[in-house]
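Chemist: My questions are about this predicted structure, shown below with the sequence.
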Amino acid sequence: MTTSTSAAQAASRSAGDAQQSARTQRYIQLALVVLAAGTIYPMLYLRQYYGPTMQAFFGINDIQLGQLYSTLGLVFVACYIPSGWLADRVAPRILISFSLYLTGALGFLYSTAPAFPVLIVIFGCWGVSTGLTFWSAVIKRVNSIATDSERGRFFGMLDGGRGLVEASLAFIAVSVFAYFTRNHSEFEGFRVVLLMYSTLCMVIATVLAFIKDKRSGVVPAAPKANTRQGSTLDDLKTLAKIPDLWILAAVVFCGYQLFWSTYNFAAYLRVGDFGLAATVTGFITMAKMWTRPVAGIGGGYLADKLSREGVLAGVLVCGSAALATLALMPAGAPLVALVGLVLFVGLMAYGVRGLYWALLDKCKVPEHCTGLAIGLVSMIGYSPDIFLPLLSGHLTTKYPHGLGYRYFFFYIVAVALCGAFGALVLKRRFGRQAKRA
């Protein structure tokens, strides 16, 4: 009896150790993905910190700067579905490593201040390295290493952790830029910042390339009936027959616009009735960035404890209410109230980004076309990148002195509430499916 009891206890301890080891391995893999995602994108968007310096460094005007980012956006949209197709056929770790290598190599070329035609090529290639070979691979990677009970927090950690990495690197980069600007020149400071980001991309790519995947310990909820690699057309037909996937795409489409509205806060507080100084709005914008890790990680844990769809709907409603309040704030409103609203909307917007991808596994997408599903949802969900800049520009030009921003925010409020309704529809549908199962 004693021998059998001891054997049972030893087996139990062994199983517990194996489970803990698998869990640790999943978190290590997640940390590497977060580090990659937080490092690869900042170099593409340095204009938000170094806009005038960047234009002077490359000798380009506002129109040319817009052309660079228009090129980037168009390549992104064109790459989303092919990105999903590729993620279904090539190991995500390989795609992520390649993306970091290519982005870093292009960054070294970028730091030489090439001519404008070369800049167009660099931004187009960045669209490929961060869109085609990176985006769907990252989402699929996180989806595959998380268990059902961890998925909310894993996607929350992806967005929140990415925000933490970006904010930390931005602080380091600004410090480096200030040092070299003070002791050498502004251009030299900007070049060193570019070299810093490029080198980090190459180093992380090397680390990922040499770390082989281990079993994550994730046990599928049910065996897949069909694991064959179908043709792309067949896979698209399969996805078209999944209503939940289309509803999810609509929710991403709506939720992403709440996030996009935060890009306008600094300008709204400066040109509107408030007339805040550039240094004040810059501080507020920087403070908003630090809400991202709190929102992503906190929202993910809350979603796993409660309901992913329910928490997502609640976050969208709260974010919409706060944004409407910000749009209605009168001239002379207390600064603390404005800061509080900006930070709260940022908290909700970043929370949304950390939640909607956690719903993908509930859409019952066949495993062999998960990447394609990610690409399809991304193409629809992130399409506001194309028209929101035009809408915002039109409204703020036609209705000056902050009125255009107010109209724009009210549009976002209406869309975000539609997204909350879509999340509740998914909650009801998933509940019915669970009962039938």
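Modeler: On my side now, so go ahead. Numbering: from 1, shown residues only.
Chemist: Any stretches of the stretch 251-400 of the chain with poor pLDDT?
Modeler: Where the stretch 251-400 of the chain drops to pLDDT under 70, the residues are 272, 278-279, 282.
Chemist: Going along the chain, name the strands of it.
Modeler: Assigned strands in the stretch 251-400 of the chain: none (criterion: DSSP state E, counting those that start in this stretch).
Chemist: Output the below-cut-off pLDDT ranges for the stretch 51-200 of the chain.
Modeler: 51.
Chemist: which residue ranges form the helices in it?
Modeler: Using DSSP state H, counting those that start in this stretch, the helices assigned to the stretch 51-200 of the chain run over residues 62-87, 92-110, 116-127, 135-145, 151-183, 186-210.
Chemist: which ones are touching the residue minimising distance to the centre of the chain?
Modeler: Geometric centre of the chain, nearest residue: Asp159, 5.5 Å, by C-alpha atoms, centre = their mean. Taking C-beta atoms under 8 Å, 6 or more residues apart in numbering, we find Asp159 in contact with Arg292, Gly296, Tyr350, Arg353, Gly354. Just so you know, the C-beta spots here come from the backbone N, C-alpha and C atoms, and that holds for glycine as well.
Chemist: Where helices are concerned, which of those count?
Modeler: Among the contacts of Asp159, DSSP state H puts Arg292, Gly296, Tyr350, Arg353 in helices.
Chemist: Roughly how far does the residue lying closest to Leu276 once chain neighbours are set aside sit from Tyr405?
Modeler: Counting by C-beta to C-beta, 6 or more residues apart in numbering, Leu276 lies nearest to Leu269, which is 4.7 Å off, once chain neighbours are set aside. Computed as C-beta to C-beta, to the nearest Å, the Leu269 to Tyr405 distance reads 9 Å.
Chemist: rewinding a little: nearest to Ala167, of the ones in helices among the contacts of Asp159?
Modeler: Arg292 (7.1 Å; C-beta to C-beta).
Chemist: and the closest residue to the closest one other than its chain neighbours, what is it in contact with?
Modeler: Take Arg292 and drop its neighbours on the chain: the residue closest to it by C-beta to C-beta, 6+ apart is Gly163, 2.8 Å away. By C-beta under 8 Å, 6+ apart, Gly163 lies in contact with Gly38, Met289, Arg292, Pro293, Gly296, Tyr350.
Chemist: if we can go back for a sec, could I get the ones in helices among the contacts of Asp159 in CSV, plus columns for distance to Arg26 and neighbour count?
Modeler: Converted to CSV, the ones in helices among the contacts of Asp159 look like this (distance: C-beta to C-beta, whole Å; neighbours: other C-beta atoms under 10 Å):
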residue, distance to Arg26, neighbour count
Arg292, 22, 25
Gly296, 17, 29
Tyr350, 23, 29
Arg353, 21, 24
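Chemist: now those as CSV including distance to Thr199?
Modeler: Formatted as CSV, those follow (distance: C-beta to C-beta, whole Å):
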residue, distance to Thr199
Arg292, 24
Gly296, 26
Tyr350, 28
Arg353, 28
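Chemist: can you give me the helices in the stretch 301-437 of the chain?
Modeler: Applying DSSP H, counting those that start in this stretch to the stretch 301-437 of the chain gives helices spanning 308-328, 335-353, 370-381, 384-398, 403-436.
Chemist: CSV please, covering these and showing distance to Pro243.
Modeler: Below are the helices of the stretch 301-437 of the chain laid out as CSV (distance: least, C-beta to C-beta, whole Å):
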stretch, distance to Pro243
helix 308-328, 15
helix 335-353, 22
helix 370-381, 13
helix 384-398, 22
helix 403-436, 8
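Chemist: which of the ones you listed is buried the deepest?
Modeler: Among these, helix 370-381 has the highest mean neighbour count (mean count of other C-beta atoms under 10 Å), at a mean of 25.
Chemist: Excluding sequence neighbours, find me the nearest residue to Arg353.
Modeler: Closest to Arg353 by C-beta to C-beta, 6+ apart is Asp159, at 4.8 Å.
Chemist: Could you measure from that neighbour over to Leu323?
Modeler: Counting by C-beta to C-beta - Asp159 and Leu323 are separated by 19 Å.
Chemist: How about Ala414?
Modeler: Distance from Ala414 to Leu323, by C-beta to C-beta: 11 Å.
Chemist: cool, and Ala266?
Modeler: From Ala266 across to Leu323, the span is 15 Å (C-beta to C-beta).
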